[in-house]
Structures are given as C-alpha cells and as structure tokens.
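K.L.:
turn this into a structure:
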Amino acid sequence: MSQNIYMVPHDFTPVGDAALKYAISLTSKVRVDIVVVHIVPDKSKSKPALQKMEKIVNECNAPSYVKVEGKIVVGNFLEDLGKVAKKQNAQLIVMGTHGLTTSQKLFGSNVIKVVTSSEVPFLIVQKNTPINEIKRIVVPIDMTKESLQITNLAGDIANIFKAEIHVIAEDERDEILSRKLSNRISLVRDQFEERGLNAEFNMVKKRGSFQTKVLEYVKKNNGDFIAFAYHSESLFAVFDTFASKLIVNDMNVPCLVINSKSASKLYF
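P.N.:
Modelled structure (predicted):
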C-alpha cells in the first residue's frame, strides 16, 4: 500500500458501493490506495463477509495504479470505526450516509458519535451522489476558532482539484461580535491569498436557519462540495441538526466533516 490511504466502510449495500466509487474517483487527482472495511459484531460472521468483500474488491473497476484491499474487522461500528482508520493510517474516511447495516442510520446523534470518535476526517456521500469534478467548495464558518479548523483542509482540497472556495458566514449586528467575525475572516482570507487559492467570502443575514441558507447558497452557486468542522462549542444553533441537514442534503452534495479537536493533526 502507498503512504496515502483512504478508508471506505462498506455495508454490502448500494450506499457502500457509492462511497467506494466516489473514493476511486478521487484517485484521478491524488495518488492514494484504498482500504475497504466491513465491521462484523462477532468472528462467526467473518467468513461470509469476506466472500462478499472479495467480490466487491474484484469488481470495483479501480485504475491499475490504485491498490484496493478489503478487510473484515470484528467490533462495533459506532465505537471502533475511528480506531480502525487510525490503525490503517488513513488520511480520509469516505463513507455513505448510513452505517454498516441498514438499521444503523447515520443521522442525528449517530453521525456525530462517529465523527467525534475519529481523528480522521470524513467525506460523507449519499447513494445518488454524482461523480462531478470538484469546482466549488462551500465552507460555512462562525466566529469560533474551532470552526476555522476546516479551512486548512478545504484549502488542501481546493489546491488538489483547482477549485474555488466559497466561505459563508452570518453577519453580526453587535459591533464587538461583528469586529471579531471580521478578524476571523481576515485571517482566513490572508491564509488563502498566501496559498494562491481562489476564494470568495459571503455574508448572509442572521435570520432563520443557517443550514437552509448554506444549502440555498450551494444550490444557487452550483456548489459541489461542502466542508465544515464539528465542534460542540459552535455558535450554530442546534449544531447536531445543522450537521445532519447538510450531510443529507437533497442535492446529494458530498460533505467533508472533521472533528475540530483533532483538526491540527490532519492533512489531505
């Protein structure tokens, strides 16, 4: 295997196929190998799972320069996925919007449990997520320093795929908060300019649901990638709901999600 690894959890459903297909599509721009993982609750289920895994790996149509390896792991999906990714030295987990069984839906608190249990970023796709060229990355932020942890990783992706970055934030009427937000945005702007990245910064009215505004922006501007940091101290109202709504968006746009507490260790 190469030093760059993407891990794909697979539940033997079309959603797992979609995640693997998307991971393979990324290899046209960045050289990585792929580890496909299925987690079983006990060892007795390993043999039939291995047979299914071998079929998936053999039929995935990966380019010849990409090594795809299948692994069966005994454990608990919600608790152990992050540990498996760390053991595999994965840089990215490309995952469908439900867990390793159709009964383990990755919505609401479950997706947060998985994200916060891992030091590795998640790229979450849906069954019908199209394989589009990444041209516009939408990055919602707030005034907290934790929300800015996504900007380095979003910048890496923009650099690899020669994409635009669209940073979006809610405006602040309070003078002190407005100044603080302006300072945060200036830091990000300077960082992007120093890296030679093509970036836009957009303010939206602080009225109504922010996730709705983000998704409206994605739709209006043909965004094809959303990137944000999860952090419990976020100023976003009901952040778990915010994250879930973005992840399962009706446009099937993929979402890159990181746990801000471990973001300083990440690289794409």
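K.L.:
regarding Ala169, what is its secondary structure?
P.N.:
Here Ala169 is strand, with the state taken from DSSP: H, G, I helix; E, B strand; the rest coil.
K.L.:
nearest residue to it in space, please, no chain neighbours.
P.N.:
Ile141 (5.2 Å; Cβ to Cβ, 6 or more residues apart in numbering). Using the backbone N, CA and C atoms, a C-beta is placed for each residue, glycine as well.
K.L.:
domain ranges for the chain, per the record?
P.N.:
5-125, 136-251+261-265 (automatic domain parsing).
K.L.:
save those domains as TSV, and put in mean neighbour count and mean pLDDT too.
P.N.:
What follows is the domains of the chain, written out as TSV (neighbours: other Cβ atoms under 10 Å; pLDDT from 0 to 100):
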stretch	mean neighbour count	mean pLDDT
domain 5-125	18	87
domain 136-251+261-265	17	87
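K.L.:
select the longest helix from this structure.
P.N.:
Counting residues, the longest helix in the chain under DSSP state H turns out to be helix 175-194.
K.L.:
looks like Asn61 contacts Ser25 (just checking).
P.N.:
No: counting by Cβ atoms under 8 Å, Asn61 stays clear of Ser25, with 10.8 Å between them.
K.L.:
which other residues reach stretch 172-187?
P.N.:
Outside stretch 172-187, the residues that touch it by Cβ atoms under 8 Å, 6 or more residues apart in numbering are 141, 143, 145, 148, 167, 169, 171, 201, 206.
K.L.:
bridging residues for Arg136?
P.N.:
Taking DSSP bridges as the rule, Arg136 bridges to Glu164.
K.L.:
what sits against Ile24?
P.N.:
Counted by Cβ under 8 Å, 6+ apart, Ile24 has contacts 34, 60-63, 66, 68.
K.L.:
turn the residues you listed into CSV, columns for distance to Asn252 and secondary structure.
P.N.:
Below are the contacts of Ile24 laid out as CSV (distance: Cβ to Cβ, whole Å; DSSP: H, G, I helix; E, B strand; the rest coil):
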residue, distance to Asn252, secondary structure
Ile34, 21, strand
Cys60, 21, coil
Asn61, 21, coil
Ala62, 22, coil
Pro63, 24, coil
Val66, 24, coil
Val68, 24, strand
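K.L.:
taking those together, which two end up most distant?
P.N.:
Across the contacts of Ile24, no pair lies farther apart than Ile34 and Asn61, at 12.1 Å, counting by Cβ to Cβ.
K.L.:
so is Met95 in a helix, a strand, or just coil?
P.N.:
Secondary structure, three-state DSSP: Met95 is strand.
K.L.:
and it, bridged to which residues?
P.N.:
Per DSSP bridges, the residues bridged to Met95 are Ile124.
K.L.:
thought it was touching Val125?
P.N.:
Yes: assessed by Cβ under 8 Å, Met95 is found in contact with Val125 at 7.4 Å.
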